[in-house]
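Undergrad: Return atomic coordinates for the entry below.
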Amino acid sequence: MAIYKCFKCGKQVKEEYAKRKIRCPYCDSKILYKPRTISSKVKAI
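TA: Residues are numbered from 1 along each chain as shown. Okay, the predicted model is just below:
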C-alpha cells in the first residue's frame, strides 16, 4: 500500500483516497507526492 503526502500541509493521504480524488482531504491542495524510501549503502569487503 502506497502512502502519499500533501505538498502543502505535509499530512499523509492513503492510496485509496488519492486514486478517487486528486485533492488533499485536509487542505484541498492539488499536489500529492509519494515520498522516497531511504536506501542504505553497503560496502563490500
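Undergrad: Every contact and neighbour count from this point should use C-alpha atoms.
TA: OK.
Undergrad: Let me see the ranges of the helices in the protein.
TA: Applying DSSP state H to the chain gives helices spanning 15-20.
Undergrad: Just give me the residue right at the centre of it.
TA: Closest residue to the average C-alpha location of the chain: Tyr4 at 2.1 Å, with Cα atoms, centre = their mean.
Undergrad: So it is in contact with Val13, correct?
TA: Yes - at 5.1 Å, Tyr4 counts as touching Val13 under the criterion of Cα atoms under 8 Å.
Undergrad: Distance from the chain centre to the lowest-mean-pLDDT helix or strand in the chain, please.
TA: Sorting the helices and strands of the chain by mean pLDDT, DSSP states H and E puts helix 15-20 at the bottom, at a mean of 74. Taking the mean C-alpha point of helix 15-20 and that of its whole chain, the gap between them comes to 11 Å (Cα atoms, centre = their mean, to the nearest Å).
Undergrad: Which other helices and strands does that helix contact?
TA: strand 3-6 (3 or more Cα pairs under 8 Å, 6 or more residues apart in numbering; DSSP states H and E).
Undergrad: Residues in contact with the strand it packs on: which ones?
TA: Strand 3-6 has contacts (Cα atoms under 8 Å, 6 or more residues apart in numbering) with 11-15, 18, 24, 29, 31-35.
Undergrad: Go again with 10 Å.
TA: Identification of contacts with strand 3-6 by Cα atoms under 10 Å, 6 or more residues apart in numbering yields 10-18, 23-35.
Undergrad: among those residues, which ones are buried?
TA: 12-13, 18, 23-24, 32 (16 or more other Cα atoms under 10 Å).
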